[in-house]
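Q: Pasting the sequence and the predicted coordinates here, then a few questions.
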Amino acid sequence: MSKRLTVILAAACTAVLCQGIVTPQTNTTAITAKAAEEGSCGSSLTWSYDGGSTLTISGTGDMTDFASASDTPWYDIRSSIEHVVLEDGVTSVGSNAFRFCAYLTDAVLPEGLTTIGDSAFYSCGLTDVSFPSTLEEIGAGAFADTKLTEISLPQNLTIIDDNAFYACSELQEVVIPVSTEEIGTGAFFQCEALEKVTVLNIDCWIGRGDENGTTISAGTLIGYPGSTAEKYAAMFGICFQSMYETVLEPGDINGDTLVNASDAAQVLIAAAIIGSGEDSGLTVSQQTAADFNGDGMINASDATSILCFSANAGVGSVPAANVGKASAASNTIENLNVSTISVSCLKVTWDAAEGKTYNVRCESTEPNYAYSDLIYYEKKSEGLCYITGLRENSGYEITVEAADDSSISGRMAGHTEDVEVIGEYPYEDGWTNCFAYEPASGLKLNPAYGAIQGCSVDVITGTGVMRDPYGDYCCAMGLFYGRCGDRFLVELDNGTQFTTKICDSKGNGSDGQGKYHRFGGTGKCIIEFIYKDGCLPSYPANMGSYGGKNWSGLDLSANIRSIKKISFGEPVEY
């Protein structure tokens, strides 16, 4: 064989051999790419990537909760994912599912989906998402550090977990539905463009984070009067805007604070409209107030009940706050009213006739009441009297009577504040009555500065102590008990009760645990009242403490018996 032919044959064999090697390699690569573009992501869920920009989740049930972003089956192609589509049947987005998908801009979530897991879309490029009406829970950090500019939260959403929308720097406005029961710590913190947050649930729990209030960093917080939103705003110095609709008392349809024939007439009009099949036009609060007999319907029966109620009160109209409390006995005192100030105080007002002197009497409605000796009358004028030394969640009957003519009298029921206890501290031997003091002028930095805003000097006791808008005495306590804004019910051995709000921290105290600081050598001082500068009486100025004296019914002469952390109260008018 010639040398030339040998070379030609060798070249041909080499080409054939090379083709045999290259072809399997090419097929292997294709198979590998296809495997990376689909797979399982739940017991009955699959995922697929279209090779362009869209990832689709199909099937039924919950998605797997992934321990980290690198555990997701599409992690290697995360930079190619721009759109995510979850088809009908998918009920959850797994934890860390699309975390660090930097180029992901939008996600389609189906009806029937109930949960979005922790960090599900954390630090991705998401700019648009539509939440299904079935969504109930948004997990911790689920949309943190995304590029969302607006969101519409559904009406079934109950939980927004910690840091859910943390550092969403382009988010501008949020409305949190009435169904939402909990807004976790940091949920809307560091949202630099956030102008307004509206909280529709009056009792929604709002996490406080640290002492600076690291949950909502909006310019304006909007909610109902007396809501937790209002209290959060007051606590951390956020501008609060009241909703147009206030919560009305039963029967007070027109919101004039009286229950009378005018309200009954409005109920009849509404009932007629409802009977014709049309919308009554009443707000939610008005509907609740119109259903005076509580049977779930608005009809002529409610109007009749309102008329009978106001007629039986003997004055034609009754202050709405006293519905169900006014005495049916003849009332010859004009505009008698009893309102709640705190767990231990009621405010009594009436129209006093010129030149007349009046006596005020308070009697417990409870049999065998053991604290009558604590009741104190702080009469500021003929027409205004504060009754102090009362007990939490207790009923009383108040009588106002002309001193020279017992036929000029009136009776009305009152009820002290009913608090919700959320924590109780065990009694510690050595708790003392050393209620020391500090000036409000010293609270210049947040959170103390924010906590004292809206507070004013107590007009009742003459202590000079500051009180907040909810009847609480402003004080400083150690970190063992809580932080600025926390509220407590305190009871002394003599039965005296009062509520306090922490407006300044005593840190770790003398014991290193924040339980107390030493007073007078051996005393364990738990509470330091905060007084308004220039209003400190001589007794505490000389003694260094308010203890050992009865201050117009605030009898601080006994040691502390119990301390209980309590939920927020309602705003009061002193």
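A: Thanks, I have it. Numbers count the residues shown, from 1 in each chain.

Q: which element follows the helix or strand bottoming out on mean pLDDT in the chain toward the C-terminus?
A: Using mean pLDDT, DSSP states H and E, the weakest-scoring helix or strand in the chain turns out to be helix 3-35, at a mean of 40. Where DSSP states H and E defines the elements, the next helix or strand beyond helix 3-35 is strand 38-42.

Q: Could I get the buried residue list for that next one?
A: Neighbour counts over strand 38-42 (16 or more other C-beta atoms under 10 Å) mark 41-42 as buried. All C-beta spots, glycine's among them, are computed from the backbone N, C-alpha and C.

Q: Show me the helices in this structure, by range?
A: 3-35, 228-236, 261-275, 284-290, 300-312, 448-452, 538-543 (DSSP state H).

Q: Pop the domain breakdown of the protein in here.
A: As assigned by automatic domain parsing, the chain contains the domains 1-35, 38-242, 258-322, 337-415, 421-566.

Q: pLDDT (mean, whole number) over the longest one?
A: Throughout domain 38-242, pLDDT has a mean value of 91.

Q: Could you count how many residues lie near V199?
A: For V199, the count of nearby residues is 27 (other C-beta atoms under 10 Å).

Q: cool, D295 as well?
A: Other residues near D295 number 10, with proximity taken as other C-beta under 10 Å.

Q: which residue sits closest to it, ignoring its sequence neighbours?
A: S301 (7.5 Å; C-beta to C-beta, 6 or more residues apart in numbering).

Q: for K147, same thing?
A: T127 (4.8 Å).

Q: Surely the one you found and E150 touch.
A: No - using C-beta atoms under 8 Å, T127 is not in contact with E150; the gap is 9.6 Å.

Q: any idea how far V108 is from H83?
A: Look at V108 and H83: by C-beta to C-beta, to the nearest Å, they are 8 Å apart.

Q: same question but for G184, I mixed them up
A: Here G184 is placed at a distance of 29 Å from H83 (C-beta to C-beta).

Q: More neighbours: which of the two?
A: Each of G184 and H83 has its neighbours counted (other C-beta under 10 Å); G184 has more, 22 against 16.

Q: Tell me which residues touch the spatially closest residue to the more buried one that is not a sequence neighbour, please.
A: Nearest residue to G184, sequence neighbours excluded (C-beta to C-beta, 6+ apart): D162, at 3.6 Å. Counting by C-beta atoms under 8 Å, 6 or more residues apart in numbering, D162 touches 140-141, 184-187, 207.

Q: right, and the pair among these with maximum separation?
A: Pairwise distances across these (C-beta to C-beta) peak at 13.6 Å, for the pair G141 and G207.

Q: Need the pLDDT of K524.
A: 77.

Q: Does it touch G509 like I think?
A: No - the criterion here is C-beta under 8 Å, and K524 misses it with G509 at 9.1 Å.

Q: Pull up the overlap in contacts between those two.
A: Listed contacts common to K524 and G509 are 515-517; contacts here mean C-beta under 8 Å, 6+ apart.

Q: taking the residues you listed one by one, which sit in strands?
A: Using DSSP state E, the subset of those located in strands is H517.

Q: Make TSV from the shared contacts of K524 and G509 and add neighbour count and pLDDT to it.
A: Listed next are these as TSV, based on neighbours: other C-beta atoms under 10 Å; pLDDT from 0 to 100:
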residue	neighbour count	pLDDT
K515	20	80
Y516	24	77
H517	20	78
